[in-house]
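# need coordinates for the following:
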Amino acid sequence: MVPSTAKVVFIQGITRDGRTFRPSDWAERLAGVMSSFRPGGATPGSHLSYSPWCVPRVIDGVKTIVVHSDLRAHDPMAWDFVMNFARDNDLRVAEQPAG
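Presented below is the predicted three-dimensional model:
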């Protein structure tokens, strides 16, 4: 799905056929689920902020999750969860190559 050389992956809230993904807060929900996956691991209160490895953003007016490849190195199952979410919901995925 995403080459191992990608440093950052963008999961866009648009399906491959161009529809806006719903619910409208999907990015915040997914990032919230991923909040405990962070450098140094989960700590008390870490659920109150997003992980730097999985951050919701609005890019060019489109809800997006920015996923850093360090998540894959830290916890491959967490990486797979996010990538499978994108695949299962037919969301557009773009990458920013390392380098």
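# low-scoring stretches of this protein, by residue?
1-6, 46-47, 98-99 (pLDDT under 70).
# now the helices for it?
26-33, 70-74, 76-88 (DSSP state H).
# nearest to Trp53, of the ones you listed?
When the helices of the chain are compared by CB to CB, helix 70-74 sits nearest Trp53, at 3.9 Å. In short, each C-beta sits where N, CA and C put it, glycine included.
# list the buried residues for the closest one?
The neighbour-count check on helix 70-74 (16 or more other CB atoms under 10 Å) flags Asp70, Leu71, Arg72, His74 as buried.
# reformat the residues you listed as a markdown table; add distance to Val9.
Converted to a markdown table, those look like this (distance: CB to CB, whole Å):
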| residue | distance to Val9 |
| --- | --- |
| Asp70 | 11 |
| Leu71 | 9 |
| Arg72 | 9 |
| His74 | 15 |
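# closest one to Asn89 out of these, please.
Leu71 (18.4 Å).
# show me what contacts the closest one?
Residues in contact with Leu71, defined by CB atoms under 8 Å, 6 or more residues apart in numbering, are Met34, Phe37, Ser51, Trp53, Cys54, Ala78, Trp79, Val82.
# swap in Ile14?
By CB under 8 Å, 6+ apart, the contact list for Ile14 reads Thr20, Phe21, Val62, Leu91, Arg92.
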